[in-house]
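Novice: need the 3D shape of this:
(4 chains)
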Number of protein chains: 2
Amino acid sequence: MDADKVFKALGDPTRRRLLDLLCEQNGQTLGQLCENLDMARQSATQHLDLLEAANLVSTVKRGREKLHFINPVPLHEVYERWVRKFERERLSLLHDLKQELEGDDQ
Amino acid sequence: MDADKVFKALGDPTRRRLLDLLCEQNGQTLGQLCENLDMARQSATQHLDLLEAANLVSTVKRGREKLHFINPVPLHEVYERWVRKFERERLSLLHDLKQELEGDDQ
DNA sequence: TTGACATGCAGGTATTTACCTGCATATTAT
DNA sequence: ATAATATGCAGGTAAATACCTGCATGTCAA
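Specialist: Predicted coordinates for the structure are as follows:
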C-alpha cells in the first residue's frame, strides 16, 4: 500500500464524495457518477484515476461502459497502521496537553 | 470538526511526519521538530499552522518557546464518521467487485 | 544592558493541482 | 452503415501549495 497516494487521494472533497457515491451504490459508471458532481466528465475522470492509483477504486469495463467499485482495503490499512497508533495513546496524549495547560509551576 | 481541513492536513507527508514525531515525544518545541525535518524552520511553521488549524495540534507558549501537542480527537472523529462507514460494508463491497470480475454472463 | 536564542511575519517563486475545451476512439442500437 | 452514446486522450490555464530568503520581535542569560 502506498500510504501517501491514499492520503493524497482522500485529501480532496470531490474524491471523498465519489467514494460516498460508490458506497451508496457500488459499481456505477462514469456517467452515473458525473450526474452527481457538477463538473466536466473529464475532470471527474482525473479524480477517479487518482482513486484508482491509490487502489481505493477498482474498475471493470463492460462494453462501452466503465464500472467503478470501492476497494475498502487501503482505508482499513491506513486505519490499522496509522490512525490506531494515535488512538492507542489517545488518553495519554491528551493528558500531556492538559498537564501543560494547567501551568508549569509544580 | 472541519473534516476537509483534517483530510487536507493529513494529505502531506511532512505533516504526517510531524504527527509521528509528536507521537514519539509529545510537547516538542518548533526547534526540536525542525531538527528532524530537513527544511527551513519557516516552512515547518507553515505545516504546523495547518495542523493547528485542523485542530490536530495544540500549542502552548512557554517563555520564548512554543510547545506542540497532538490532539488525537479529530483523527478519532474522522475515523468514526467516515472510515467506519466503509469499514462496516467492507465485505459486501468486496463481494460486489468479486462478483463483477467473475464474469457478466449469468 | 547586551548578545544569543526561539519564534513571528512578509513577501517571492516554482511546482502541483483542479479545472476546462476540443477532438479521437470504441461500442451499441436503429 | 450510421447515428447516438460512453469513454479516452491531449493540451491549456488559474489557483493552491510547498518551499525559500530576509528581517522583526520577544525572551533569556551573562
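Novice: can you name the residues of chain A that neighbour DNA strand C?
Specialist: Counting by CB under 7 Å from any atom of the strand, chain A comes close to DNA strand C at A:8, A:11-12, A:14, A:39-40, A:42-43, A:46-47, A:50, A:62-64. In this view, the C-beta of every residue, glycine as well, is placed from N, C-alpha and C.
Novice: what comes up buried for stretch A:39-49?
Specialist: Neighbour-count burial for stretch A:39-49 flags A:44, A:47-48 (criterion: 16 or more other CB atoms under 10 Å in any protein chain shown).
Novice: now, the residues of chain A next to DNA strand C that are in helices?
Specialist: Per DSSP state H, helices hold the following members of those: A:8, A:14, A:42-43, A:46-47, A:50.
Novice: return the member of those nearest to chain B.
Specialist: Using CB to the nearest CB, A:Lys8 is the member of those that lies nearest chain B, at 5.2 Å.
Novice: now for A:His68, how many residues are close by?
Specialist: A count of neighbours around A:His68, defined by other CB atoms under 10 Å in any protein chain shown, yields 23.
Novice: repeat that for the one 10 residues further on.
Specialist: The number of residues packed around A:Val78, counting by other CB under 10 Å, is 21.
Novice: distance check, the nearest residue to A:Gln28 once chain neighbours are set aside against A:Leu10.
Specialist: Setting aside the residues directly before and after it, A:Gln28 is nearest to A:His68 in space (CB to CB, 6 or more residues apart in numbering or on different chains), at 5.7 Å. Per CB to CB, to the nearest Å, A:His68 is found 16 Å from A:Leu10.
Novice: just curious, which of the residues of chain A next to DNA strand C is nearest to A:Met1?
Specialist: Of all the residues of chain A next to DNA strand C, the one with the least separation from A:Met1 (CB to CB) is A:Lys8, at 12.9 Å.
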